[in-house]
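K.L.:
no FASTA, just this:
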């Protein structure tokens with residue numbers, strides 16, 4: 001029964017949409033031929049206003065930033081400033097035609113700037129990788145906190161004794 005009702009409702013909406021489109025087409029045809037009535041003119045004006053409101057709402061929705069976009073802009077806002085740099089010569093704007101022409105000697109050599117930046121990034125990444133690798137080796141030699149549980153001793157070199165099955169009551 002629900003499927004039947006959904007099908008009938010969809011069919012009804014299709015019929016109503018076809019009737020409305022037919023009325024709009026006939027009204028526009030009458031306006032273009034010059035034989036339109038006042039009702040047809042009002043109908044077309046009302047339809048145009050409705051379409052303008054829908055377009056404005058669509059533009060507003062497209063311009064509206066969501067929580068993820070706001071968060072992304074906040075998180076990566078510093079990166080854009082770093083990429084552009086303070087002076088015009090190191091900005092992303094140099095990637096246009098002016099940067100590619102050979103007369104761009106006043107702003108510096110673009111290729112060498114890029115190569116230098118890539119080399120600096122590589123060096124920073126390799127240093128960080130070496131440091132992380134060394135930390136991991138040290139962690140493997142000493143073992144983690146779970147590895148050290150059984151080997152812990154008191155100050156005098158003996159392993160601490162458990163209090164037996166009643167230690168949970170006395171908090172030892």
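P.N.:
Alright, I've got the coordinates. Given the structure is predicted, the values throughout are model-derived calculations rather than measurements. Numbers count the residues shown, from 1 in each chain.
K.L.:
I'd like to know which elements the helix or strand harbouring residue 29 is packed against.
P.N.:
Secondary structure assigned from DSSP states H and E places residue 29 in helix 2-33. On a contact count with 3 or more C-beta pairs under 8 Å, 6 or more residues apart in numbering; DSSP states H and E, helix 2-33 meets helix 38-63. Heads up, the C-betas are built off the backbone N, CA and C, glycines and all.
K.L.:
quick revisit: just checking the distance from the helix holding residue 29 to the centre of its chain.
P.N.:
39 Å (C-alpha atoms, centre = their mean, to the nearest Å).
K.L.:
State the next helix or strand along the chain beyond the least confident helix or strand in the chain by mean pLDDT.
P.N.:
Sorting the helices and strands of the chain by mean pLDDT, DSSP states H and E puts helix 97-100 at the bottom, at a mean of 51. The element immediately downstream of helix 97-100 (helix or strand, assigned by DSSP H and E) is helix 110-142.
K.L.:
now the angle from the helix holding residue 29 to helix 38-63?
P.N.:
120 degrees (axes from the mean of the first three to the mean of the last three C-alpha atoms, to 10 degrees).
K.L.:
Pull out the buried residues from helix 2-33.
P.N.:
Using 16 or more other C-beta atoms under 10 Å as the test for burial, helix 2-33 gives residue 27.
K.L.:
So the chain: which segments form each domain?
P.N.:
2-56, 108-141 (automatic domain parsing).
K.L.:
Reformat these as a markdown table; add distance to residue 76 and mean pLDDT.
P.N.:
Listed next are the domains of the chain as a markdown table, based on distance: least, C-beta to C-beta, whole Å; pLDDT from 0 to 100:
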| stretch | distance to residue 76 | mean pLDDT |
| --- | --- | --- |
| domain 2-56 | 30 | 94 |
| domain 108-141 | 17 | 85 |
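K.L.:
out of these, which comes closest to residue 67?
P.N.:
domain 2-56 (23.2 Å; C-beta to C-beta).
K.L.:
picking that back up, make CSV from the domains of the chain and add distance to residue 149 to it.
P.N.:
Shown next, in CSV, are the domains of the chain (distance: least, C-beta to C-beta, whole Å):
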stretch, distance to residue 149
domain 2-56, 61
domain 108-141, 16
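K.L.:
Quick one, which of these gets closest to residue 77.
P.N.:
Closest approach to residue 77 among those (C-beta to C-beta): domain 108-141, 20.1 Å.
K.L.:
what about the closest one, distance to the chain center?
P.N.:
That offset, for domain 108-141, works out to 27 Å (C-alpha atoms, centre = their mean).
K.L.:
same deal with stretch 39-46?
P.N.:
Going by C-alpha atoms, centre = their mean, where stretch 39-46 is centred and where its chain is centred differ by 44 Å.
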